[in-house]
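J.: fold the following and give me the result.
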Amino acid sequence: MDINFNKNEDHNKLLVSDLTKRFAKVKLGGGQKRIDKHHAKGKMTARERVDYLLDSKAKSIEIGAFAGDGMYEEHGGCPSGGVIVKIGYVQGKQCVVVANDATVKAGAWFPITGKKNLRAQEISIENRLPIIYLVDSAGVYLPMQDEIFPDKEHFGRIFRNNAVMSSMGITQISAVMGSCVAGGAYLPIMSDEALIVDKTGSIFLAGSYLVKAAIGESIDNETLGGATTHCEISGVTDYKAKDDKDALDTIKRLIDKIGDYDKAGFNRAKAIKPIEKQEDIFGILPKSRADQYDMFEIIKRLVDNSEYDEYKAGYGKSIITAYARIDGWAVGIVANQRKLVKNAKGEMQFGGVIYNDSADKATRFIANCNQKKIPLVFLQDVTGFMVGSKSEHGGIIKDGAKMVNAVSNSVVPKFTIIIGNSYGAGNYAMCGKAYDPRLIVAWPSAELAVMSGNSAAKVLLQIEKASLLKKGEEITPEKEAELFNKIKDRYDNQVSPYYAASRIWTDAVINPLDTRTWISMGIEAADHAPIEKKFNLGVLQV
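T.: Numbers count the residues shown, from 1 in each chain. You can find the predicted model right below:
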């Protein structure tokens, strides 16, 4: 091992350590005091409920753990968006589980809470996965109601999706394990089956105080909308549980009796671990996002038996296209090569840049994977498309458009792993969030932005200088350096993978060693949904 390998390894392991610390913090939700208060009521926390429900020895993946991270500080914050979302197994069946975290503002819905819930439903819809809601929420967070209530992708979309999912035959089960108020009361009742926990669960459109104010009726919340009321009088709920565990055990028994699902039929063989040591990823991936490295060395540590069959190996070398298996599943890999390569004309091509020939190759490969019904895995470390007169005259816009077209119209499931850079149009062509990957995750080394922090800071500095000079201010070298660093610090914060994850531009920031699990569970989920559309590229400028 050389000195650079060791430096890279130390750097990347520190990034993973930071990831672990950040995750430990958000797992506390509203804090230990609120957790203790929750326990004192005889209730389990949202995470405890999810962990108890999911099969203990099976793998699971968490969606949006860093949602809301660093947001809403003036409102006290909203760790994990106030809701826990996991894909895991209940009685051996893969499911999506959504649990309100009542330690965060009594489970109230912030704007990011709505976005995260909609993402959970989107995953369920795309993959035809059963979804389980563990409800414990005070409803919309009123100080921000204008950002969560009326728009198309706001609170009401949740219930619209409930109805659509029911018509699609997607199983939805809800357990009311705390408050379920106002508009939120529709979610469990629009599910296929609803449970309610005695004495702690309640459902009503208006609580006792509002009822008193509105119509003058005096009534307590339990009589108004408790478990006995809804299981024996209104018939709103289907099962009464004595406590949280009883409710979760009932859900397990209900899920256990669901019939088998229609399969998409993706190819799977016996899983084989990579021959190459996966931990070497930490030493291979450079500390600096500007440094070169060989993406093949990363691929060898992600795919079964470290084997792959490269498509068009001698052509368009700045993008790697290859068939392989990950945890037994057949996949088509589209990856940015991050080292300098030489094309057939003897010209050197920069790593991480998409050239005309590489865009053309990727387009053909994506079409082939669609024809063969092979899921696509995109490994992103891209700075963008090649610029300059030579590329423009060669039709880089046209070739780039073909690749974007293929990614957009692909009907096989797509999975995106952001390893390093994810800049500009490169993010789009390599299946960024806007292009409907079934799952999209980032390594701690990732950066997402229009351009790098250094480049952006230089551009923004020129604009700032011009503005100050117009006002007659003198720009000394010291002042210029101060401005540059201030701009770069602000921009660097925005390119962080945690900034993206907090806004659910990605589903998670993950340890690179968990990549195979995410892809495997993602393809297993996608196999629940047979492909109904045909691959069609539409009109292309040939």
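
J.: contacting residues for Val50?
T.: By CB atoms under 8 Å, 6 or more residues apart in numbering, Val50 lies in contact with 84, 86, 88, 97, 99, 134. The C-beta positions use only the backbone N, C-alpha and C, and glycine is treated the same way.

J.: in helices, which of the residues you listed appear?
T.: Counting by DSSP state H, no part of the contacts of Val50 is found in helices.

J.: check those residues and tell me the two furthest apart.
T.: Spatial extent of the contacts of Val50 (CB to CB) is set by the pair Gly88 and Leu134 at 13.0 Å.

J.: give me the buried subset of the contacts of Val50.
T.: Buried members of these, counted by 16 or more other CB atoms under 10 Å: 84, 86, 88, 97, 99, 134.

J.: for Met451, give its distance to Ser234.
T.: 58 Å (CB to CB, to the nearest Å).

J.: cool, and Gly70?
T.: 42 Å.

J.: for Tyr308, name its beta-bridge partners.
T.: On the basis of DSSP bridges, Tyr308 is bridged to Ala324.

J.: from memory it sits against Ile299, does it?
T.: Yes: judged on CB atoms under 8 Å, Tyr308 makes contact with Ile299 at a distance of 6.2 Å.

J.: just the C-alphas of stretch 4-18, formatted as PDB.
T.: Presented in PDB, the C-alpha positions along stretch 4-18 are these (Å, rounded to 0.1, in the frame of the first residue of the first chain):
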ATOM      1  CA  ASN A   4      -1.700   8.100  -0.800                       C
ATOM      2  CA  PHE A   5      -3.700   4.900  -0.200                       C
ATOM      3  CA  ASN A   6      -3.200   5.300   3.600                       C
ATOM      4  CA  LYS A   7      -4.100   9.000   3.500                       C
ATOM      5  CA  ASN A   8      -7.200   8.300   1.500                       C
ATOM      6  CA  GLU A   9      -8.200   5.500   3.800                       C
ATOM      7  CA  ASP A  10      -7.800   7.700   6.900                       C
ATOM      8  CA  HIS A  11      -9.800  10.500   5.300                       C
ATOM      9  CA  ASN A  12     -12.700   8.300   4.100                       C
ATOM     10  CA  LYS A  13     -12.900   6.400   7.400                       C
ATOM     11  CA  LEU A  14     -13.200   9.700   9.200                       C
ATOM     12  CA  LEU A  15     -16.100  10.600   6.900                       C
ATOM     13  CA  VAL A  16     -17.800   7.400   7.800                       C
ATOM     14  CA  SER A  17     -17.100   8.000  11.500                       C
ATOM     15  CA  ASP A  18     -18.800  11.400  11.100                       C
END
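
J.: contacting residues around it?
T.: Taking CB under 8 Å, 6+ apart as the rule, stretch 4-18 contacts 281-287, 444-445, 511-512.

J.: rerun at 6 Å
T.: The contact list for stretch 4-18 (CB atoms under 6 Å, 6 or more residues apart in numbering) reads 282-283, 285-287, 444, 511.

J.: closest to Val164 out of these?
T.: For those, the nearest to Val164 is Asn511 (34.9 Å; CB to CB).

J.: pLDDT value on the nearest residue in space to Asp101 that is not next to it in sequence, please?
T.: Spatial nearest neighbour of Asp101, excluding adjacent residues (CB to CB, 6 or more residues apart in numbering): Ala46 at 4.1 Å. If you check Ala46, the pLDDT there is 97.

J.: next: Leu19.
T.: 98.

J.: please list all residues in contact with it.
T.: Neighbouring residues of Leu19 by CB under 6 Å, 6+ apart: 444, 509.

J.: from Asn162, how far off is it?
T.: Here Leu19 is placed at a distance of 34 Å from Asn162 (CB to CB).

J.: same check on Ser452?
T.: Distance, Ser452 to Asn162, using CB to CB: 43 Å.

J.: neighbour-wise, which of these two wins?
T.: When neighbours are counted by other CB atoms under 10 Å, Ser452 and Asn162 differ, and Asn162 comes out ahead with 23 against 20.

J.: just to be sure, that one is in a helix?
T.: Yes: counting by DSSP: H, G, I helix; E, B strand; the rest coil, Asn162 is found in a helix.

J.: need phi/psi at Leu205.
T.: Main-chain torsions, Leu205, degrees, to the nearest 10: phi -70, psi -30.

J.: next: Ala194.
T.: phi -130, psi 140.

J.: check contacts around it.
T.: 174, 188, 237-238 are the contacts of Ala194 under CB under 6 Å, 6+ apart.

J.: which of Met451 and Ser234 has more neighbours?
T.: Met451 (18 against 11).

J.: where's that one, which helix or strand?
T.: Taking DSSP states H and E as the definition, one finds Met451 inside no helix or strand.

J.: quick check: nearest residue in space to it, chain neighbours excluded?
T.: What sits nearest to Met451 in space, not counting adjacent residues and going by CB to CB, 6+ apart, is Tyr423, at 5.5 Å.
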